[in-house]
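Visitor: Got a sequence here, can you model it:
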Amino acid sequence: QVQLVESGGGLVQSGGSLRLSCAPSGSIFSIYDMGWYRQAPGKQREFVARITADGSTTYADSVKARFTLSRDSARNTVHLQTNGLKPEDTAVYYCYGIVQKSRSSRPEHYWGQGTQVLVSS
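Guide: Here you go, the predicted structure:
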């Protein structure tokens, strides 16, 4: 069973920073893309950032220049550094990964359980 475990959420004042992390566990042969989505109350889940296996990153326009996504390839862990947080960044942040469990299996999409980010004004 593959699990993605997020950490690092919390309460922060506007303009503050948080570092979100996502670490996989379980039977893993390879991990391809990893990244983050978020869902604010009453809204649909939206894309935040992604990083490929070779380290290429893509960001939503709303977080570009404020958020930085990095990847520790040795541990298959990703870190989302969030700076200049705004109240509109308040949401549950979900990590995802495209995981291949064995050499003979197909890559599948997995989600973490989510971590709450609350930004006060």
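Visitor: Which parts of the chain are strands?
Guide: Applying DSSP state E to the chain gives strands spanning 3-7, 10-13, 18-25, 30-39, 46-51, 57-59, 67-72, 77-82, 91-100, 108-111, 115-120.
Visitor: just the CA coordinates of the last one, formatted as CSV?
Guide: Looking back up the chat, that one is strand 115-120. Extracted as CSV, the C-alpha positions of strand 115-120 are listed here (Å, rounded to 0.1, in the frame of the first residue of the first chain):
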residue,chain,number,x,y,z
THR,A,115,-2.7,19.4,5.7
GLN,A,116,-4.5,22.6,6.7
VAL,A,117,-3.0,26.0,6.1
LEU,A,118,-4.8,28.9,7.8
VAL,A,119,-3.6,32.5,7.1
SER,A,120,-4.9,35.2,9.3
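Visitor: centre of the chain versus that strand, how much separation?
Guide: Its chain's C-alpha centre and that of strand 115-120 lie 14 Å apart, by Cα atoms, centre = their mean, to the nearest Å.
Visitor: Rounded mean pLDDT for that strand, please.
Guide: Here strand 115-120 scores 98 as its mean pLDDT.
Visitor: residue contacts, the residue nearest the centre of the chain?
Guide: For the chain, the residue nearest the mean C-alpha position is Trp36 (3.0 Å; Cα atoms, centre = their mean). Trp36 makes contact with 20, 22, 48-50, 69, 78, 80, 93-96 under the criterion Cβ atoms under 8 Å, 6 or more residues apart in numbering. (Each C-beta comes from the backbone N, C-alpha and C, glycine too.)
Visitor: Okay then, goodbye and thanks.
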